[in-house]
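Chemist: quick one, structure for this:
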Amino acid sequence: MSHTPPAGTVRRRALATLGLAGLAVAGSQAVAGTASAAPARKHDDPEATVNSVADLRTTTPAADGQQVQLLGYHGDLPGRGGGTLYWDADSTDPDNGGTVFAVTGRATGRWKRPYAARLDLAWFGWKGTGAEDDTPRVQAAVNALPAGGVIEAGPGKIRLQSTVKVRSVPITFQGAGATDNDDYATQYIVATGNANGFLLTNVHGGGLRDLVVRGDGLTGGSLVATEADTGERNYMVSFVNVRFKDGYTGMTLRSCNTIRFRNCVWNGFSGPYVILLNGVGNDSRADPIEFVQCGIAAGGGNTTTDNIVIDGLGGSIKFFATAVLFGRHGLWLKNTTGGSYPKFVYFEGGGFENGHGNPVLLDAGAQAQFTNVYISADNEHDNVRINPGFTGSATFTGCIIRGCGRNGLDIASTRVTVTGCLIGNNGRTAHPNFGRTISGAAASPAGRVRITTAAGHGWETGDRITVSGVNGTTEANGKWRIDVVSPTQFDLPVTFSHGYSGGGSAYRHGGGINIRSEASRVVVVGNAIGGLADGVNRQDYGVVNEAADVLVADNDLNGNTAGPYQLTGTLTRDTRFTGNKGVEQIDGWLPARVPGAVSDGLYDFGSLLYLEGQRIRVVKITRKLGAGTCDARLDANGASAGGNAIAVTTAVQTTTLVAPFTIDATAGAQRLQLRILNAASANGLELQFAYQLIS
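Modeler: Okay, here's the model as predicted:
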């Protein structure tokens, strides 16, 4: 940009030496074909100063090439929007109020401001107060860069009361910095009613950087929107260090290719979404789009505004170290366009928090990948919801998924893989404080108990609930899976037997991972699913599974309030739960049976006479005598294998060993036998040791 000289100074030597060709590159970068290009001519030394543009338009030049020093655009703001101008006697260019000025009463000849690819918005009369509509000034600056360039604005407010349109050319709007304070840095105030603030059409390059874009009383539109009207998409547009705030919607991105956001923040949007990526076909798709170190937040009070919506055809949507906060849904993949669906979403680092819907909601799409992401919410719903319409694959690796109202993950799709994640403290609304008041209980047409709630329950068929405090119809009290009939009614799987006399409430449970019957090829391996060290843990089960085709293996399922997992539905050979910690794992049994008198000594087992080449851990002993008493222990090669002798009586007893003992036969074979001690009238022994394979 050509810097404005101090008021009253004249650059005689520089202008006389460079001439017009030199003036045209006075920003250090020449752009061929810019509006300033003109045949070179020698300029006379400037002699005159002009107080304002109003005076300039009445100043009659002495000769072609004469220069004047404009002290300021407005007479009452000296130094702002001033600079050196020259007279082009042959020009009939339109007066654009910034770089070209006509003289009243003269059809030919214009005062022109020398520039190359950088403009100062103050050159067009911008005062910085935001008290008047600056849209014509901004649009004139855009139009003054037919080959592209930079529009600079220093600290101050720029008010837009109609849409600023950029078509085809790479225009960069650059400010003096982004801030949370409405009185500092560069503020573009969008007061366009229900229209867009900035509209980019077929733009290749440019973007916004180092400024604030905020709404003022908006009822529609987006702060920034993109479109294409010739099949040529917007390409290589970047947004760097920009604060977007207080809008209706933030961004509507269509027909985009290689759009990047870096260190940008959105907050305070009251419309249906903050950011929408929307495409029907290849001409309107958004692909690729990248968000790097950004913050996206609908705002604490905007509980029905979704943060990021990808609707229809889009591909390679990437988020790196990006935080998504508040609002309703955090990241929603869906398809209302018909036929097209999101192709690929990748989210690494950063995460989701404080939302009131689903932080991650996958209704449609081909592939979604989440790596090292924190996923949490202040809601009554699931942290991650993957519905049957999502027909691709989803992976969650190294994520923390915690603290939601129902399930950490709710899966009703195919090819979902969860590995190395920490999933805990979900189901936090499983408490009477979050209950629904029951106003009635009656018989359903099928004769079951039908519960009516005083207000909408918001639950789904298959939800696990607890009912308590019901009078009269006491058979309703207990834990159930429900069938939802209406927003205020659901049926319990129990026969209606007694008339309702009042009272009662119900609340909903939630688990770590809920796998629905529609799901298939779900892999859950190597996760910790249970209570966390901090926060409230009401997560009932680590995994609840209704699907037939799942693999749940090598997870730590300790710390769930009801149990490690619950299996329902139809199980097949593809239903595999194995090697999970927190679940009793028995790999084999060492059974012994002595039908007659039992005396002290060694007895062989019915199987596994020798252990060789592996190690086992004995974890449980079950035993019974027909008569008398004795003690029993496990021996290896004629000596105690490490466990203490345990008492055997005529009662069936099972003891899970608090301190399991290990038998190591990797260095050589070990003959395993049962040793009886302290036998007293013992007869009819039945006994077995349960063991786990270690290696």
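Chemist: can you pull out the helices in the stretch 1-150 of the chain?
Modeler: 12-23, 53-56, 135-143 (DSSP state H, counting those that start in this stretch).
Chemist: between the ones you listed, which gets the lowest average pLDDT?
Modeler: If the helices of the stretch 1-150 of the chain are sorted by mean pLDDT, helix 12-23 sits at the bottom with a mean of 32.
Chemist: low-confidence ranges, this structure, go.
Modeler: 1-47 (pLDDT under 70).
Chemist: got the buried residues for the strand ranked longest in it?
Modeler: Counting by DSSP state E, the longest strand found in the chain is strand 670-693. Judged by neighbour count (16 or more other Cβ atoms under 10 Å), strand 670-693 contains these buried residues: 670-676, 679, 682-692. In short, each C-beta sits where N, CA and C put it, glycine included.
Chemist: do stretch 257-275 as well
Modeler: For stretch 257-275, by 16+ other Cβ under 10 Å, it's 257-271, 273-275.
Chemist: check contacts around residue 164.
Modeler: 135, 138-139, 142, 197-199 (Cβ atoms under 8 Å, 6 or more residues apart in numbering).
Chemist: next, residue 442: secondary structure please.
Modeler: strand (DSSP: H, G, I helix; E, B strand; the rest coil).
Chemist: so what's the closest residue to it other than its chain neighbours bridging to?
Modeler: In this structure, residue 442 finds its nearest non-sequential neighbour in residue 450, 5.3 Å apart by Cβ to Cβ, 6 or more residues apart in numbering. For residue 450, the beta-bridge partners are residue 442, residue 491 (DSSP bridges).
Chemist: alpha carbons only: can I get stretch 680-694 in CSV?
Modeler: Output of stretch 680-694 as CSV, limited to C-alpha atoms (Å, rounded to 0.1, in the frame of the first residue of the first chain):
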residue,chain,number,x,y,z
ALA,A,680,-13.0,-86.6,58.2
SER,A,681,-15.6,-89.1,57.1
ALA,A,682,-15.4,-87.6,53.7
ASN,A,683,-17.3,-89.2,50.8
GLY,A,684,-18.4,-88.4,47.3
LEU,A,685,-16.2,-85.4,46.3
GLU,A,686,-16.9,-83.2,43.3
LEU,A,687,-14.5,-80.3,42.7
GLN,A,688,-13.2,-78.1,39.9
PHE,A,689,-10.5,-75.4,39.6
ALA,A,690,-11.3,-72.6,37.1
TYR,A,691,-8.3,-71.1,35.3
GLN,A,692,-7.3,-68.4,32.8
LEU,A,693,-4.6,-68.8,30.2
ILE,A,694,-1.8,-66.2,30.5
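Chemist: can you list contacts of it?
Modeler: Counting by Cβ under 8 Å, 6+ apart, 585-599, 614-630, 632, 634, 648, 660, 662, 674, 676 sit against stretch 680-694.
Chemist: change it to 7 Å
Modeler: With contacts defined as Cβ atoms under 7 Å, 6 or more residues apart in numbering, stretch 680-694 is touched by 585-598, 614-630, 632, 634, 648, 662, 674.
Chemist: residues contacting residue 609?
Modeler: 671-672 are the contacts of residue 609 under Cβ under 7 Å, 6+ apart.
Chemist: against residue 621, how distant is it?
Modeler: 19 Å (Cβ to Cβ, to the nearest Å).
Chemist: same deal with residue 333?
Modeler: Residue 333 sits 53 Å away from residue 621, going by Cβ to Cβ.
Chemist: give me the more crowded residue out of those two.
Modeler: More crowded of residue 333 and residue 621, by other Cβ atoms under 10 Å: residue 333, with 30 against 21.
Chemist: would you list the phi and psi of the more buried one?
Modeler: phi -100, psi 120 (degrees, to the nearest 10).
Chemist: partners of it in the sheet?
Modeler: Bridge pairing for residue 333 - DSSP bridges - gives residue 310, residue 362.
Chemist: go ahead and confirm residue 511 touches residue 537.
Modeler: No - look at residue 511 against residue 537 with Cβ atoms under 7 Å: they stay out of range, at 11.4 Å.
Chemist: those two: which has the busier surroundings?
Modeler: residue 511 (31 against 21).
Chemist: which residues touch the more buried one?
Modeler: 407, 426-427, 539-544 are the contacts of residue 511 under Cβ under 7 Å, 6+ apart.
Chemist: of those, which pair is most distant in space?
Modeler: 427 and 543 (12.8 Å; Cβ to Cβ).
Chemist: and residue 656, how many neighbours?
Modeler: 11.
Chemist: now the nearest residue to residue 130 once chain neighbours are set aside: how far from residue 218?
Modeler: The spatially closest residue to residue 130, leaving aside those adjacent along the chain, is residue 157, at 2.7 Å (Cβ to Cβ, 6+ apart). With distances taken as Cβ to Cβ, residue 157 is found 16 Å from residue 218.
Chemist: which one's more surrounded, the two?
Modeler: residue 218 (24 against 21).
Chemist: which one is that one nearest to, not counting chain neighbours?
Modeler: Per Cβ to Cβ, 6+ apart, closest to residue 218 is residue 248, 4.1 Å.
Chemist: roughly how far does the one you found sit from residue 279?
Modeler: 21 Å.
Chemist: who's in contact with residue 235?
Modeler: Counted by Cβ under 7 Å, 6+ apart, residue 235 has contacts 204, 257-258.
Chemist: next: residue 278.
Modeler: Per Cβ under 7 Å, 6+ apart, neighbours of residue 278: 252, 254, 286, 311-312.
Chemist: could you look up the SS state of it?
Modeler: Applying three-state DSSP: residue 278 is strand.
Chemist: same thing with residue 437?
Modeler: Classified using three-state DSSP, residue 437 is strand.
Chemist: which non-adjacent residue is nearest it?
Modeler: Of all residues not flanking residue 437 in the chain, residue 454 sits nearest, at 4.3 Å (Cβ to Cβ, 6+ apart).
Chemist: wait, what's in contact with residue 362?
Modeler: 333, 368, 386-387, 390, 394.
Chemist: ok, now with 10 Å
Modeler: Counting by Cβ atoms under 10 Å, 6 or more residues apart in numbering, residue 362 makes contact with 310, 331-334, 342, 345, 368, 384-387, 389-390, 392, 394, 411-413, 416.
Chemist: what do you get for residue 312?
Modeler: So residue 312 contacts 254, 276-281, 284-286, 333-342, 364 (Cβ under 10 Å, 6+ apart).
Chemist: one more time with 7 Å
Modeler: So residue 312 contacts 278-280, 335, 337, 340-341 (Cβ under 7 Å, 6+ apart).
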